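Quick check, what structure comes out for this input:
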Amino acid sequence: MLNQQQVDTEEEQLREQVAALPNEQRKVFYQQLKPLLRDPDTYATLNWCFIAGLHHFYLGQWQRGLVNLLVFTIGIVLLFTPLFLLGIAMLVLISVVELWALFRAQIIIQNWNNKTMHRLLQRLTANT
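Model (predicted):
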């Protein structure tokens, strides 16, 4: 489980490493980083409006998004069959799981962005 203090510390360490880069390399870092960063509000909105897993696609987590979408779709379909109670249970389960992610959107995206910064920093410093 993500710990806010650890994620904040990691972010600060990454920022210090980036600040230590030569000016030109730091400029390249930020140019390449900008389109890779994700916004917690977008993540939360996709989670809130579309419980079907679109927020996972936003992070490039295709498998998790597809599983989420599949469970949601099967749950909806089951509502119109004799197994409607199973459909309700599936929808409640996926809603509870995704509600937890909604409330933790800030730290999930902060951690995602930290990992993105770390990968980019490794790639840039490996080329020098």
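
contact partners of stretch 116-128?
Applying CB atoms under 8 Å, 6 or more residues apart in numbering, the contact partners of stretch 116-128 are 10-11, 14, 17-18, 21, 25, 28-29, 32-33, 36-38. (Each C-beta comes from the backbone N, C-alpha and C, glycine too.)

One more pass at 7 Å, please.
Contact partners of stretch 116-128, identified using CB atoms under 7 Å, 6 or more residues apart in numbering, comprise 14, 17-18, 25, 28-29, 32-33, 36-37.

and those, which of them are in helices?
14, 17-18, 25, 28-29, 32-33 (DSSP state H).

which of these are buried?
Neighbour counting by 16 or more other CB atoms under 10 Å classes 14, 18, 29, 33 among the ones in helices among the contacts of stretch 116-128 as buried.

Just put those in JSON lines and tack on distance to Thr42.
JSON lines is the format used below for those (distance: CB to CB, whole Å):
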{"residue": "Leu14", "distance to Thr42": "21"}
{"residue": "Val18", "distance to Thr42": "23"}
{"residue": "Phe29", "distance to Thr42": "23"}
{"residue": "Leu33", "distance to Thr42": "17"}
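
Can you check which helix is longest in this protein?
Longest helix in the chain, counting by DSSP H: helix 105-126.
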